[in-house]
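*Asks:* Based on what follows, work out the 3D shape:
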Amino acid sequence: MPYLIPDDGDTTVQHRELDLPWSGIGGMGVNNLAARLLLALLPPTGGFFRLTGDELDNAMAEADLRQRGAKEADIAQLRQEIEKGLAVLERAVGREIEVTNDRVALFEALMHLIVGGVVLLYRRNVGMKVFHLRRHVLLRDPMGAPVEGVTCETYLYASLDPKLRNVLDEVDNRDGKSEQDSSRRDSRQVDV
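*Replies:* A predicted model of the protein is given here:
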(Lines give C-alpha, C1' and ligand atoms only; values in the text may rest on other atoms or scores of the structure.)
Protein backbone atom coordinates (compact mmCIF):
# COMPACT_ATOMS: atom_id res chain seq x y z
CA MET A 1 0.00 0.00 0.00
CA PRO A 2 2.31 2.76 -1.26
CA TYR A 3 -0.07 5.55 -0.30
CA LEU A 4 0.24 4.73 3.41
CA ILE A 5 3.98 5.32 3.72
CA PRO A 6 5.26 7.31 0.69
CA ASP A 7 8.93 7.57 -0.26
CA ASP A 8 11.14 10.18 1.44
CA GLY A 9 10.57 13.69 0.16
CA ASP A 10 7.57 12.65 -1.95
CA THR A 11 5.03 15.44 -1.45
CA THR A 12 3.17 14.84 -4.71
CA VAL A 13 1.37 11.68 -3.58
CA GLN A 14 -2.02 13.36 -3.93
CA HIS A 15 -1.28 14.57 -7.45
CA ARG A 16 0.12 11.50 -9.18
CA GLU A 17 -0.69 7.87 -9.69
CA LEU A 18 1.26 5.53 -7.44
CA ASP A 19 2.71 2.21 -8.53
CA LEU A 20 0.46 -0.49 -7.14
CA PRO A 21 1.45 -4.12 -6.73
CA TRP A 22 0.04 -6.67 -9.18
CA SER A 23 -1.97 -8.31 -6.45
CA GLY A 24 -4.14 -6.29 -4.09
CA ILE A 25 -4.50 -9.11 -1.56
CA GLY A 26 -2.19 -7.40 0.95
CA GLY A 27 -4.12 -4.14 0.77
CA MET A 28 -7.44 -5.93 1.09
CA GLY A 29 -6.10 -7.79 4.12
CA VAL A 30 -4.96 -4.57 5.78
CA ASN A 31 -8.35 -2.92 5.13
CA ASN A 32 -10.19 -5.99 6.44
CA LEU A 33 -8.10 -6.17 9.63
CA ALA A 34 -8.40 -2.42 10.24
CA ALA A 35 -12.19 -2.55 9.72
CA ARG A 36 -12.56 -5.43 12.17
CA LEU A 37 -10.40 -3.72 14.76
CA LEU A 38 -12.40 -0.52 14.34
CA LEU A 39 -15.65 -2.41 14.87
CA ALA A 40 -14.19 -3.92 18.04
CA LEU A 41 -12.96 -0.56 19.35
CA LEU A 42 -15.92 1.61 18.29
CA PRO A 43 -19.03 -0.50 17.75
CA PRO A 44 -21.55 1.49 15.66
CA THR A 45 -24.65 0.37 17.55
CA GLY A 46 -23.63 0.57 21.19
CA GLY A 47 -21.32 2.32 23.55
CA PHE A 48 -17.76 1.12 23.69
CA PHE A 49 -17.21 2.14 27.31
CA ARG A 50 -19.18 2.55 30.50
CA LEU A 51 -18.65 5.21 33.13
CA THR A 52 -19.04 4.02 36.71
CA GLY A 53 -18.06 5.33 40.07
CA ASP A 54 -15.38 3.70 42.19
CA GLU A 55 -17.02 1.05 44.39
CA LEU A 56 -14.92 1.89 47.44
CA ASP A 57 -15.65 5.62 47.12
CA ASN A 58 -19.37 4.90 46.60
CA ALA A 59 -19.49 2.67 49.69
CA MET A 60 -17.69 5.28 51.79
CA ALA A 61 -20.03 8.05 50.57
CA GLU A 62 -23.11 5.90 51.32
CA ALA A 63 -21.77 5.09 54.80
CA ASP A 64 -21.18 8.80 55.40
CA LEU A 65 -24.75 9.60 54.30
CA ARG A 66 -26.12 6.90 56.62
CA GLN A 67 -24.15 8.33 59.55
CA ARG A 68 -25.67 11.74 58.83
CA GLY A 69 -29.14 10.21 59.00
CA ALA A 70 -30.06 9.80 55.33
CA LYS A 71 -32.77 7.29 54.52
CA GLU A 72 -32.12 4.25 52.29
CA ALA A 73 -34.67 5.55 49.76
CA ASP A 74 -32.79 8.86 49.48
CA ILE A 75 -29.48 7.04 49.03
CA ALA A 76 -30.99 4.81 46.31
CA GLN A 77 -32.47 7.86 44.54
CA LEU A 78 -29.09 9.64 44.68
CA ARG A 79 -27.40 6.51 43.26
CA GLN A 80 -29.93 6.48 40.37
CA GLU A 81 -29.35 10.17 39.63
CA ILE A 82 -25.59 9.60 39.50
CA GLU A 83 -26.07 6.64 37.10
CA LYS A 84 -28.34 8.76 34.88
CA GLY A 85 -25.77 11.57 34.79
CA LEU A 86 -23.00 9.15 33.85
CA ALA A 87 -25.19 7.66 31.08
CA VAL A 88 -25.77 11.16 29.68
CA LEU A 89 -21.99 11.71 29.61
CA GLU A 90 -21.49 8.37 27.81
CA ARG A 91 -23.97 9.34 25.09
CA ALA A 92 -22.41 12.81 24.75
CA VAL A 93 -18.95 11.29 24.21
CA GLY A 94 -20.39 8.89 21.60
CA ARG A 95 -22.04 11.77 19.74
CA GLU A 96 -18.82 13.80 19.88
CA ILE A 97 -16.88 10.92 18.29
CA GLU A 98 -19.42 10.63 15.48
CA VAL A 99 -19.62 14.40 14.86
CA THR A 100 -15.84 14.96 14.73
CA ASN A 101 -15.21 11.97 12.43
CA ASP A 102 -12.76 10.41 14.88
CA ARG A 103 -13.82 7.04 13.46
CA VAL A 104 -12.18 7.91 10.11
CA ALA A 105 -8.95 9.04 11.78
CA LEU A 106 -8.89 5.92 13.94
CA PHE A 107 -9.34 3.70 10.86
CA GLU A 108 -6.36 5.38 9.19
CA ALA A 109 -4.34 5.01 12.41
CA LEU A 110 -5.17 1.29 12.57
CA MET A 111 -3.99 0.80 8.98
CA HIS A 112 -0.70 2.52 9.84
CA LEU A 113 -0.33 0.34 12.94
CA ILE A 114 -0.86 -2.81 10.90
CA VAL A 115 1.58 -1.83 8.12
CA GLY A 116 4.19 0.39 9.81
CA GLY A 117 3.78 -0.56 13.45
CA VAL A 118 3.69 3.01 14.76
CA VAL A 119 1.37 6.00 14.51
CA LEU A 120 0.78 9.18 16.49
CA LEU A 121 -2.75 10.42 17.22
CA TYR A 122 -3.18 14.05 18.23
CA ARG A 123 -6.52 15.10 19.69
CA ARG A 124 -7.46 18.65 18.68
CA ASN A 125 -10.55 20.68 19.57
CA VAL A 126 -12.10 19.77 16.22
CA GLY A 127 -11.14 16.13 15.96
CA MET A 128 -8.20 13.80 15.74
CA LYS A 129 -5.10 14.19 13.59
CA VAL A 130 -3.02 11.22 12.41
CA PHE A 131 0.77 11.39 12.02
CA HIS A 132 2.21 8.38 10.24
CA LEU A 133 5.68 6.88 10.48
CA ARG A 134 7.47 9.52 8.40
CA ARG A 135 5.64 12.51 9.91
CA HIS A 136 6.60 12.27 13.59
CA VAL A 137 9.50 11.53 15.93
CA LEU A 138 9.24 10.84 19.66
CA LEU A 139 12.00 11.13 22.24
CA ARG A 140 11.36 8.61 25.00
CA ASP A 141 12.85 8.14 28.45
CA PRO A 142 14.47 4.80 29.42
CA MET A 143 11.09 3.47 30.61
CA GLY A 144 9.47 4.18 27.22
CA ALA A 145 7.33 7.15 28.24
CA PRO A 146 7.27 9.99 25.66
CA VAL A 147 9.31 13.04 26.67
CA GLU A 148 9.20 15.19 23.54
CA GLY A 149 7.62 14.89 20.11
CA VAL A 150 8.27 16.58 16.79
CA THR A 151 5.73 16.45 13.96
CA CYS A 152 5.80 17.53 10.33
CA GLU A 153 2.61 18.92 8.78
CA THR A 154 1.92 20.15 5.26
CA TYR A 155 -0.03 23.40 4.81
CA LEU A 156 -0.91 25.60 1.89
CA TYR A 157 1.10 28.81 1.91
CA ALA A 158 -2.12 30.87 1.78
CA SER A 159 -3.46 29.24 4.97
CA LEU A 160 -0.43 30.13 7.10
CA ASP A 161 -0.31 32.93 9.65
CA PRO A 162 0.94 36.21 8.07
CA LYS A 163 3.95 36.29 10.43
CA LEU A 164 5.02 32.82 9.32
CA ARG A 165 4.49 33.77 5.67
CA ASN A 166 6.78 36.79 6.14
CA VAL A 167 9.47 34.56 7.66
CA LEU A 168 9.17 32.11 4.73
CA ASP A 169 9.34 35.00 2.24
CA GLU A 170 12.52 36.28 3.90
CA VAL A 171 14.10 32.82 3.72
CA ASP A 172 13.05 32.45 0.06
CA ASN A 173 14.44 35.91 -0.81
CA ARG A 174 17.70 35.10 0.95
CA ASP A 175 17.97 31.80 -0.96
CA GLY A 176 16.97 33.43 -4.26
CA LYS A 177 13.69 31.48 -4.59
CA SER A 178 11.28 34.42 -4.68
CA GLU A 179 8.08 33.68 -6.63
CA GLN A 180 6.51 36.69 -8.33
CA ASP A 181 3.20 35.02 -9.21
CA SER A 182 1.05 35.24 -6.05
CA SER A 183 -1.40 32.55 -7.20
CA ARG A 184 1.47 30.05 -7.58
CA ARG A 185 2.91 31.10 -4.24
CA ASP A 186 -0.45 30.81 -2.44
CA SER A 187 -1.08 27.29 -3.75
CA ARG A 188 2.42 26.11 -2.76
CA GLN A 189 2.62 23.41 -0.10
CA VAL A 190 4.86 24.07 2.88
CA ASP A 191 6.09 21.47 5.38
CA VAL A 192 6.11 22.87 8.91
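*Asks:* contacts and neighbour counts: CA atoms only from here.
*Replies:* Fine.
*Asks:* Downstream of the least confident helix or strand in the chain by mean pLDDT, the next helix or strand is which one?
*Replies:* The helix or strand of the chain with the poorest confidence is helix 182-186; it has a mean of 64 (mean pLDDT, DSSP states H and E). Next along the chain after helix 182-186, taking DSSP states H and E as the criterion, comes strand 189-191.
*Asks:* That following strand pairs with which strands, parallel or anti?
*Replies:* Strand 189-191 pairs in its sheet with strand 154-156 (antiparallel), by DSSP bridges.
*Asks:* For the strand it pairs with, what does the pLDDT average out to?
*Replies:* Across strand 154-156, the average pLDDT comes to 87.
*Asks:* Likewise for stretch 131-142?
*Replies:* Here stretch 131-142 scores 91 as its mean pLDDT.
*Asks:* buried sites along that stretch?
*Replies:* Buried residues in stretch 131-142, defined by neighbour count with 16 or more other C-alpha atoms under 10 Å: 131-134, 136-137.
*Asks:* if we look at it, which residues are touching it?
*Replies:* 4-5, 8, 109, 112, 116, 118-122, 146-153 (C-alpha atoms under 8 Å, 6 or more residues apart in numbering).
*Asks:* repeat that for 7 Å
*Replies:* Contacts to stretch 131-142, defined as C-alpha atoms under 7 Å, 6 or more residues apart in numbering, come from residues 112, 116, 118-121, 146-152.
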